[in-house]
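A.B. asks: test case, fold it:
(chains A and B)
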Amino acid sequence: MENSLFYFFSVAMLSCALLTITCKNPVSSVIFLVLAFFSMAGLFVLLNAFFLAAVQVLVYAGAIMVLFLFVIMLLNLPAEEKRHRGWFGGAASIFVMVALMLELSFVAHHEKLASSPASPGIDGTTEDVGMVLFSRYMLPFEVASLLLLAAMIGVIILSRKEKK
Amino acid sequence: MIPLEHWIIVSSCLFAIGVAGVILRRNALVVYMSLEMILNASNLALVAASRYNGNLDGQVFAFFTIAVAAAEVAVGLAIIVALFRLKQTVQVSDVTTLKL
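C.D. replies: Residues are numbered from 1 along each chain as shown, chains lettered A, B, ... in the order given. Predicted structure coming up:
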């Protein structure tokens, strides 16, 4: 059961990711990326990371991708005219993709990696993650809030209308 | 049980697809989506390593990655909107001011 779910979610995620980068229309790219992020949340559940799965759906699929959709709607992009792309860009990207896949898989294959999860297993429930986050990782947590504040101020300044 | 190797291989495939998207696409928005994919691939590797090593540190780190990605997307999309106001395009091949 677990194995088949793992392969199902992995294949769904990778095919949605491939469709994301090959679709001509940015809106369908966003939709496929949302599907890929949902499959990723499924993989997180298989890894017992329940809190992160919820955050993945709420923050990534919910907030970030809606932001993308809003920007596409706001820009009201003119239809992309056909332009000669040349074969070089496509060939280079496929070459880099296959080379990276083979290289990283080769490294993963030759390292001595654990073959089964640690026991007793850990559960990434909200309670457990919260305990770690608010004790050992208290300072990074507070710094993350500063980072978000800085990003917010930056966005407001960037998107302000220039005063003549 | 699924060995850790399989999780790492799935995560590397997602990473490679994201890198290919950054190289292949000319639309700045789709390039940004590919960057999100790359960040997510690293998250998957972190969470898998955390599960197989029996501690929660990887999950907490993935949580911080999500926070950084949210900040990065907000700033990046604001830059794209500013670029569109200036040049009326989001195609990266049309923004060649620095090209010799």
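A.B. asks: and the pLDDT at residue 1?
C.D. replies: Defaulting to chain A. pLDDT, A:Met1: 82.
A.B. asks: to clarify, I was referring to chain B.
C.D. replies: Predicted confidence (pLDDT) for B:Met1: 79.
A.B. asks: helix, strand or coil for it?
C.D. replies: coil (DSSP: H, G, I helix; E, B strand; the rest coil).
A.B. asks: count of neighbours near it?
C.D. replies: Using other CB atoms under 10 Å in any protein chain shown, B:Met1 has 11 other residues around it. No exception for glycine: its C-beta is placed from N, CA and C like everyone else's.
A.B. asks: which residues does the closest residue to it other than its chain neighbours contact?
C.D. replies: Spatial nearest neighbour of B:Met1, chain neighbours left out: A:Ser116 (4.5 Å); criterion: CB to CB, 6 or more residues apart in numbering or on different chains. By CB atoms under 8 Å, 6 or more residues apart in numbering or on different chains, the contact set of A:Ser116 is B:1, B:3, B:52.
A.B. asks: residues in contact with the residue nearest the centre of chain A?
C.D. replies: Centroid check for chain A by CA atoms, centre = their mean gives A:Phe37 as the closest residue, at 6.0 Å. Contacts for A:Phe37 were tallied using CB under 8 Å, 6+ apart; they are A:56-57, A:60-61, A:65, B:40.
A.B. asks: same for the helix or strand containing B:Ala69, what does it pack against?
C.D. replies: Following DSSP states H and E, one finds B:Ala69 within helix B:57-87. Packing partners of helix B:57-87 (3 or more CB pairs under 8 Å, 6 or more residues apart in numbering or on different chains; DSSP states H and E): helix A:50-55, helix A:65-75, helix A:126-133, helix A:138-158, helix B:28-53.
A.B. asks: alpha carbons of the fourth one, as PDB, please.
C.D. replies: This points to helix A:138-158. Provided in PDB are the C-alpha atoms of helix A:138-158 (Å, rounded to 0.1, in the frame of the first residue of the first chain):
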ATOM      1  CA  MET A 138      13.400  30.000  18.600                       C
ATOM      2  CA  LEU A 139      15.900  32.500  17.300                       C
ATOM      3  CA  PRO A 140      15.700  31.400  13.600                       C
ATOM      4  CA  PHE A 141      11.900  31.500  13.900                       C
ATOM      5  CA  GLU A 142      12.000  35.100  15.100                       C
ATOM      6  CA  VAL A 143      14.500  36.000  12.400                       C
ATOM      7  CA  ALA A 144      12.100  34.500   9.800                       C
ATOM      8  CA  SER A 145       9.500  37.000  10.900                       C
ATOM      9  CA  LEU A 146      12.000  39.900  10.300                       C
ATOM     10  CA  LEU A 147      12.700  38.400   6.900                       C
ATOM     11  CA  LEU A 148       9.000  38.400   6.000                       C
ATOM     12  CA  LEU A 149       8.600  42.000   7.300                       C
ATOM     13  CA  ALA A 150      11.600  43.100   5.100                       C
ATOM     14  CA  ALA A 151      10.000  41.300   2.100                       C
ATOM     15  CA  MET A 152       6.700  43.000   2.800                       C
ATOM     16  CA  ILE A 153       8.300  46.500   2.900                       C
ATOM     17  CA  GLY A 154      10.300  45.800  -0.200                       C
ATOM     18  CA  VAL A 155       7.200  44.700  -2.100                       C
ATOM     19  CA  ILE A 156       5.400  47.900  -1.100                       C
ATOM     20  CA  ILE A 157       8.300  50.100  -2.200                       C
ATOM     21  CA  LEU A 158       8.800  48.200  -5.500                       C
END
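A.B. asks: that one to helix A:126-133, inter-axis angle?
C.D. replies: When axes from the mean of the first three to the mean of the last three CA atoms, to 10 degrees is applied, the directions of helix A:138-158 and helix A:126-133 differ by 90 degrees.
A.B. asks: cool, thanks, signing off.
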